[in-house]
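>>> my questions concern the predicted model and sequence given below.
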Amino acid sequence: MSRIGKKPIKIPEGVKVDVNKTVVTVTGPKGTLSFTFRPEMEIKVEGGNVLVNRVAETPKAKALHGLSRTLAENMIMGVSQGWNKGLELVGVGYRAAVEGTTLVLNVGFSHPVKFPAPAGITFEVTDNTRVNVKGTDKQLVGETAAQIHRIRPPEPYKGKGIKYIGEVIRRKAGKAAKAAGAAAGGGAK
C-alpha cells in the first residue's frame, strides 16, 4: 500500500469537493479546479476527508496511487490558499513591470519582452526585480514560471539572468583565473 496514497486529505473550511465517477471538481474561495483521474483510482469524500483508493492491485494502479492523492491535495490547496512561485532578475538594468495582465521584462535585449498571463495566472512585481507568479493550479504556476525563466536563464560567469528565488547558480571561473593558473604552474615548454 502506498504510504502517501493511503493518507486522507482533510478538506478545509470553505472548500467543496464533488466527485462524479473519475471527475473531481474542487471549489473554494480562490476558484474552481476540475481534473479527470484514471479509472484505476477510486476517489471518495467521507466525513470531511477525501480518500483515494486503488480499484485493482496492478502495477499501473500502484504507481498512480500516490500521484493521484497528491494531485487531489494540490487542487484543494490551490483553491483554498493558492500557489506562488517567485523569480528574481539579476543584472544591471534588468527590471520587470506589469501592464494590465502582461508582464514586461527588460533583461538585456534590444527590446522589452512582453509575456501575457495565461488564464488563471496573475503577476505581482516587487522592487522592480522580483516577480511572483500566482494562481490556483500548481502545474500551471510552475510551467508559467519556467517559461519566464527560459527567457533569460542565469549565466554561470556573472550570474545575470532570471533565476528562481532560492536557486543556487554554480559559478565558473573566468579566463583570468585560468591564465593565472597556467603562469604559476609553468606553461608549455
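Structure's in. What do you need? Residues are numbered from 1 along each chain as shown.

>>> show me what Thr36 is bridged to.
Note on Thr36: beta-bridge partners by DSSP bridges are Val23.

>>> residues near it, how many?
A count of nearby residues for Thr36, using other Cβ atoms under 10 Å, gives 10. For every residue, glycine as well, the C-beta is placed using N, CA and C.

>>> that one: what's it in contact with?
Thr22, Val23, Val24 (Cβ atoms under 8 Å, 6 or more residues apart in numbering).

>>> if you rank those residues by neighbours, which is first?
The most neighbours of any of the contacts of Thr36, using other Cβ under 10 Å, belong to Val24, which has 24 neighbours.

>>> list the contacts of Thr58.
Glu40.

>>> ok, 6 Å please
Residues counted as contacts of Thr58 (Cβ atoms under 6 Å, 6 or more residues apart in numbering): none.

>>> what's the spacing between it and Gly66?
Per Cβ to Cβ, to the nearest Å, Thr58 is found 15 Å from Gly66.

>>> Val104 is in contact with Val113, correct?
No. With contact defined as Cβ atoms under 6 Å, Val113 does not reach Val104; the gap is 7.3 Å.

>>> A helix includes Leu71, no?
Yes. Leu71: assigned to a helix according to DSSP: H, G, I helix; E, B strand; the rest coil.

>>> nearest residue to it in space, please, no chain neighbours.
Closest residue to Leu71 apart from its sequence neighbours, by Cβ to Cβ, 6 or more residues apart in numbering: Phe35 at 6.3 Å.

>>> next, count neighbours for the one you found.
A count of nearby residues for Phe35, using other Cβ under 10 Å, gives 16.

>>> and it, how far is that from Phe123?
From Phe35 to Phe123 the distance is 25 Å (Cβ to Cβ).

>>> before we move on, what about Val113?
Distance of Val113 to Phe123, given as Cβ to Cβ: 13 Å.

>>> between the two, which is the more surrounded one?
Neighbours of Val113 and Phe123, each counted by other Cβ under 10 Å, are more numerous for Phe123; the result is 23 against 16.

>>> nearest spatial neighbour of that one, chain-adjacent residues omitted?
Excluding the flanking residues, the one nearest Phe123 by Cβ to Cβ, 6+ apart is Leu103, at 4.7 Å.

>>> packing partners for whichever strand or helix holds that neighbour?
Using DSSP states H and E, Leu103 maps to strand 102-106. When contacts are defined as 3 or more Cβ pairs under 6 Å, 6 or more residues apart in numbering; DSSP states H and E, strand 102-106 packs onto strand 95-99, strand 113-116.

>>> so which of these comes closest to Asn53?
Each of the helices and strands packed on strand 102-106 has some distance to Asn53 by Cβ to Cβ; the shortest is strand 113-116, at 40.8 Å.

>>> in its sheet, what does the closest one sit against?
Sheet pairing for strand 113-116, assigned by DSSP bridges, gives strand 102-106 (antiparallel).

>>> and the angle from the strand it pairs with to strand 95-99?
On the basis of axes from the mean of the first three to the mean of the last three Cα atoms, to 10 degrees, strand 102-106 is oriented at 160 degrees to strand 95-99.
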